[in-house]
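>>> here is a sequence together with a model predicted from it:
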Number of protein chains: 2
Amino acid sequence: MLGLMQDQPLLISNMIDFAERHHADGEIVSRRVEGDLHRYTWADVAKRSRQVAHALDGLKLEFSDRVATLAWNGYRHLELYFGVSGSGRVLHTLNPRLHPDQVVWIANHAEDKVLCFDMTFLPIVQAVHARCPMIKTYVALCDADKLPADTGIPNLVSYEAWIGTKPTAYEWPQFDENSASSMCYTSGTTGNPKAALYSHRSTTLHAYAAALPDVMCISARDSILPVVPMFHVNAWGIPYSAALTGAKLVFPGPAMDGKSVYEMMEAESVTYSAGVPTVWQMMLAHMKANNLKFSTMKRTVIGGSACPPAMIRAFNDDYGVEVLHAWGMTEMSPLGTLCTLKNKQLKLPPDAQMQIRLKQGRAIFGVDMKVVNEAGESLPWDGKSSGDLLVKGPWVIAEYFKGEGGNPLVNGWFPTGDVATIDADGFLQITDRSKDVIKSGGEWISSIDVENIAMAHPAVMMAACIGMPHPKWDERPIIAVVKRPDTQVTREELLQFFDGKTAKWQIPDDVIFVDAIPLGATGKMQKMKLREQLKDYKLPTA
Amino acid sequence: MLGLMQDQPLLISNMIDFAERHHADGEIVSRRVEGDLHRYTWADVAKRSRQVAHALDGLKLEFSDRVATLAWNGYRHLELYFGVSGSGRVLHTLNPRLHPDQVVWIANHAEDKVLCFDMTFLPIVQAVHARCPMIKTYVALCDADKLPADTGIPNLVSYEAWIGTKPTAYEWPQFDENSASSMCYTSGTTGNPKAALYSHRSTTLHAYAAALPDVMCISARDSILPVVPMFHVNAWGIPYSAALTGAKLVFPGPAMDGKSVYEMMEAESVTYSAGVPTVWQMMLAHMKANNLKFSTMKRTVIGGSACPPAMIRAFNDDYGVEVLHAWGMTEMSPLGTLCTLKNKQLKLPPDAQMQIRLKQGRAIFGVDMKVVNEAGESLPWDGKSSGDLLVKGPWVIAEYFKGEGGNPLVNGWFPTGDVATIDADGFLQITDRSKDVIKSGGEWISSIDVENIAMAHPAVMMAACIGMPHPKWDERPIIAVVKRPDTQVTREELLQFFDGKTAKWQIPDDVIFVDAIPLGATGKMQKMKLREQLKDYKLPTA
């Protein structure tokens, strides 16, 4: 027997309708590519999203056709989030940090019909358009009078000219909530990029969950600055959770340096932010150098890759900001765990609490997880047994777009490629990416553990630990280090720094000082590239 | 094109699975009917819910068969919430405050197959069982050795004997998330009681929404004492939201007097509670009389009927507890609005904030609402235009069980029977039940407004305003008042008290002092009964 409740599909258009009806004057503040500040309301977002829908109808785009973006965090990008998905098309957020060849491959694979881009990324569009025959319309996210005359791009319109004359009334279509809403490609270490294809249902459930008190804790009292880009896994779902709660949004646009982000947080009374460690590193460096404090910032979520303990301490101890460690991935919409303490843990002394905060956190309702050994058997939740991490839930992918890579699931569970432990309280700790674990003499060494120790040294700005071939031990760890400006540390001092902080056999065999560590398009360290750069390196101990 | 996310139905069994896996040692503390305290964990709830499922299988209960309860807030009731719905049966929470004849009618209408009851309610079961031929099994929620020998009830077992020997392992069935999960009857003013039939989907979505920061703000750091009964609209969904977040639950059992509730709050470090005004009245009276304070209580949600301003002030000013006014109904699972302030309102002076807090609040994402005039046309959101309130959303009913009362929807919207205004910020204010509005000289007088003024008088414990026939004005208001013990106030003093607080023509024509105002099974004032009691009354002004 079925229940007798109203049959209302979970659609992204419901979120923007809600924001307009119940938080009409809620603010959206954006630093524009033009450099100035733009300020308007949720009612305006809603109106202009409907104009976007009309503009797409005008191009005769069909249900589920892909509309790509190459854009910073900003108000026009937000309108596309709701206008594209709300009208039944699929929002495809392209990552502008990719190489043009990758952009071409991905845009063609996705069969994008329209590409909307910030003027910053005009050179990318100029480099790719001739090789993207399926894109019929290019939309520059600018005013009509800012459109350059001779870009060489055919069918180019300015966003404002494109939507400006369209009616602001639009009846959002009603359809199956499992319909595709948006997509995001993730570049695996092998093979071609693969796309997660999100649905209206998965996006809505994720938006509810992401706003929960134990997750991002988003309310109508918050002013949120998402540093995490809208071109990467939907800025962790913040645009949706903000609409669902009526929170204020503050978009930094292209100005992502430490100074600009800090100043915008202060000017707009930001209470909450979210980003990857590499971005926060720049902001904390700026604040430290200029002896700055926060006035309104309360919480920040750090994820994307394991966060160095030193950074969690700096936020907590020096700036009074609660740092919530998070873990997720493109294939998970992206949130899987958040590290908010439980009731009983609030009574622990600060040091013991910090030990918990260093973990990636506990599962959000909707996501389940387990760690398994090589035979696929579940390992105990003892905080020690390390194994492959698998997840499942309604906002975890079942397969990739166009079936790329075949069926990724193992008995209904998605293998994350991470190696982790889970403790008795359900707190996950990522010990490594499975491909980055160093196998030394039959034992595993976590490259992340080694990096975290190095990062605690005051002269170390960034550190990457990788395994090098060794005739006796199979592999031995070495560490590549970028020094902070105006600091000094020798190889020997740094190796000594490990003494007493880890088992002797886990201390790296060598330190290599480098100018930079290669970063990927989402700011994560690319160890494969680093290994390539060091292919002629020989271990001193080998 | 469909998205490619995992197809996982939203089932109530997922919630208890989650609580067990991720909050195994989270506490559940219950005051038992036996008088003692019972203390165990979410892992225990999960294990025993699975034993319940086995016990129901043992009775050969089919999918969607109804299992009724007559029980207080307690751990065994909680196990039934998950065991009954999780195994695919429908949990039917009967209201023990109903007359036995009503219980008989409802149990037969629902076609209950099993009835589980607290020993407190043995007399009800003894009074009804002979007239409920469809109930094949009676389960007394007690230990095997507490079961009385000669109850006269056939097929009576103790709960502990019933589930005690069953295996603790059970594979929860997977089925359509729109399947019925639970039901609750609501007694209309006319006609027979009608049941809302909730689904697993509606219950899960409501549980996510209810836990949001702007709603009940439930996290793993909370200790929650639901005063609102589990036999009435699932205790506003708190049992589900608690499982979904791993919050601690504290159940007062039958000890619902002010002293017992207060003492349990203090002993179990309760941070959050929820109840109807009549229950809070008793607790505040106890606290005032004994000069008591709260140590850990932070927030309480008050709903069920409009809350007198004096009570909101008492909680806020005297006890430092944030009062969140709420509004909902059985047909809405039940939450519709919560009164949490928006960012911009936090800057208002305390008095202006209080004016907002007196409203029922703003819509939760998932619920939409509108007020309409007699022609069904939407009225402006100006905080003044008063009209019939209609709602819609995935946790609002589409129709009643067995089609009772026909199709209640008006163009897809459910008419609530409340009269309300909505202001520009989306804050709802219930001005009256449509049947309680007083029509005087072509104008409407809100009975709630009149009651709120009377309640602010220190000698008034309870007040009910009703309209009386008047030859010239059609109706004129009078007010029935219950005085606080050991206080004095005259009819004239009370009428004078209205001066300057409302328009002259809205001041009642008379005051009637009564010993008690009739309350319904859910603690709401029953004005229909009051009108009946006063049927021989003549207005002094008529």
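All right, it came through fine. Numbering: from 1, shown residues only, chains lettered A, B, ... in the order given.

>>> residue boundaries of the helices in the stretch 51-200 of chain A?
Listed in chain order, the helices found in the stretch 51-200 of chain A under DSSP state H, counting those that start in this stretch are A:75-86, A:100-110, A:122-128, A:159-164, A:200-210.

>>> do the longest one and chain B meet?
No - counting by CB under 8 Å from any CB of the partner chain, no contacts exist between helix A:75-86 and chain B, the nearest distance being 10.6 Å. C-betas here are computed from N, CA, C, even on glycine.

>>> rewinding a little: could the helices of the stretch 51-200 of chain A be laid out in TSV, adding mean pLDDT and distance to residue B:495?
Shown next, in TSV, are those (pLDDT from 0 to 100; distance: least, CB to CB, whole Å):
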stretch	mean pLDDT	distance to residue B:495
helix A:75-86	98	55
helix A:100-110	95	74
helix A:122-128	97	76
helix A:159-164	97	61
helix A:200-210	98	50
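
>>> got the domain ranges for chain A?
Residue ranges for the domains of chain A, per automatic domain parsing: A:30-175, A:230-435, A:441-533.

>>> quick one, which of those is nearest to residue A:208?
For residue A:208, the closest of the domains of chain A is domain A:230-435, at 6.9 Å, according to CB to CB.

>>> export the helices of the stretch 51-200 of chain A to a markdown table and tack on mean neighbour count?
Below are the helices of the stretch 51-200 of chain A laid out as a markdown table (neighbours: other CB atoms under 10 Å in any protein chain shown):
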| stretch | mean neighbour count |
| --- | --- |
| helix A:75-86 | 27 |
| helix A:100-110 | 19 |
| helix A:122-128 | 18 |
| helix A:159-164 | 21 |
| helix A:200-210 | 27 |
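
>>> now those in TSV, with distance to residue B:75?
Below are the helices of the stretch 51-200 of chain A laid out as TSV (distance: least, CB to CB, whole Å):
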stretch	distance to residue B:75
helix A:75-86	44
helix A:100-110	52
helix A:122-128	60
helix A:159-164	57
helix A:200-210	27
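
>>> just put the domains of chain A in CSV and tack on distance to residue B:503.
Compiled in CSV, these are given as follows (distance: least, CB to CB, whole Å):
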stretch, distance to residue B:503
domain A:30-175, 34
domain A:230-435, 34
domain A:441-533, 63
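
>>> what's the closest of the ones you listed to residue B:385?
Nearest to residue B:385, of all the domains of chain A, is domain A:30-175, at 19.5 Å by CB to CB.

>>> spatially nearest residue to the residue in the stretch 101-250 of chain A that chain B sits nearest to, not counting backbone neighbours?
Closest to chain B within the stretch 101-250 of chain A is residue A:199: 2.7 Å, counting by CB to the nearest CB. In this structure, residue A:199 finds its nearest non-sequential neighbour in residue B:3, 2.7 Å apart by CB to CB, 6 or more residues apart in numbering or on different chains.

>>> which ones are touching that neighbour?
A:178, A:179, A:180, A:181, A:197, A:198, A:199, A:200, A:201, A:202 (CB atoms under 8 Å, 6 or more residues apart in numbering or on different chains).

>>> which residue does the stretch 351-500 of chain A bring closest to chain B?
Closest point on the stretch 351-500 of chain A to chain B, by CB to the nearest CB, is residue A:426, at 4.0 Å.

>>> contacting residues for that residue?
Per CB under 8 Å, 6+ apart, neighbours of residue A:426: A:362, A:363, A:381, B:21, B:22, B:23, B:24.

>>> returning to what we had before: the residue of the stretch 101-250 of chain A closest to chain B pairs with what?
residue A:180 (DSSP bridges).

>>> does it really touch residue A:205, like I thought?
No - applying CB atoms under 8 Å as the test, residue A:199 and residue A:205 come out as separate, 9.4 Å apart.

>>> ends of stretch A:70-81, how far apart?
12 Å (CA to CA, to the nearest Å).

>>> lowest-confidence stretch among the domains of chain A?
Among the domains of chain A, domain A:441-533 has the lowest mean pLDDT, at a mean of 88.

>>> chain center to that one: distance?
The chain centroid and the centroid of domain A:441-533 are separated by 24 Å, computed with CA atoms, centre = their mean, to the nearest Å.

>>> equivalent analysis for stretch A:54-71, please.
With CA atoms, centre = their mean, you get 24 Å for stretch A:54-71.

>>> hmm, that stretch touching chain B?
Yes - using CB under 8 Å from any CB, stretch A:54-71 comes into contact with chain B via A:63, A:64.

>>> for that stretch, measure first residue to last.
Start-to-end, stretch A:54-71 (CA to CA) is 21 Å.

>>> and for stretch A:325-336?
11 Å.

>>> again, but for stretch A:314-328
OK, stretch A:314-328 end separation, CA to CA: 23 Å.

>>> residue A:421 contacts residue A:383, correct?
Yes - between residue A:421 and residue A:383 there is a contact at 5.4 Å, judged by CB under 8 Å.

>>> for these two, work out which one has more neighbours and name it.
Counted by other CB atoms under 10 Å in any protein chain shown, residue A:421 and residue A:383 do not tie: residue A:421 has more neighbours, with 21 against 15.

>>> is it true that that one lies in a strand?
Yes - counting by DSSP: H, G, I helix; E, B strand; the rest coil, residue A:421 falls inside a strand.

>>> show me what it is bridged to.
residue A:429.
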